[in-house]
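Asker: 3D model of this:
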Amino acid sequence: PSVVLNVSPLTYNLTGYYDNNGMMVKVSYAYQRGTITNSNVYGIISGFPGFTVERSMDYGQVDLSSSLRLSKFLGELPTDPEVTFDVQNLTHALVGRSYKQYNNLMNYSYDPGSLFMLGVRGAF
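Answerer: A predicted model of the protein is given here:
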């Protein structure tokens, strides 16, 4: 049978947002159920009937964005500076994992960890 590859049967995103008086915090969660990433007929090569399916594992990631406008706390400042702090993959979820046919036959696993970013921006 034909199979549509890399299309998840379930995805969702949740976002919480707070923005008031110079402070902003946004937390978001994205989830994707595992997908079929490759379907390979191996009976032709090995002589045994059957096929193997490569699947990605379920994946959920939490991200954080925040900013603080310094002039709200330190008074009038030139360029109205704002400090930002962002974290991608806050919960250190494994980004890429796949297995062949059975989930104990791991094909690959990719663990980039979390990414932290600190910045300052202003208006000229």
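
Asker: only C-alpha atoms for contact and neighbour calcs from this point on.
Answerer: Will do.

Asker: can you give me the end-to-end distance of stretch 14-32?
Answerer: End-to-end distance for stretch 14-32: 12 Å, by C-alpha to C-alpha, to the nearest Å.

Asker: And that stretch, what's buried?
Answerer: 23, 25, 27, 29, 32 (16 or more other C-alpha atoms under 10 Å).

Asker: now the first one, nearest residue through space, not along the chain?
Answerer: Right, the one you point to is residue 23. Spatially, and ignoring its direct neighbours in sequence, residue 23 is nearest to residue 68 (4.7 Å; C-alpha to C-alpha, 6 or more residues apart in numbering).

Asker: so what pLDDT did that neighbour get?
Answerer: What the model reports as pLDDT for residue 68 is 94.

Asker: try residue 5
Answerer: 78.

Asker: How about residue 50?
Answerer: So, for residue 50, pLDDT stands at 54.

Asker: Who is the residue nearest to residue 23 paired with across the strands?
Answerer: residue 23, residue 83 (DSSP bridges).

Asker: any weak-confidence spans in this protein?
Answerer: Where the chain drops to pLDDT under 70, the residues are 1-3, 39-52.
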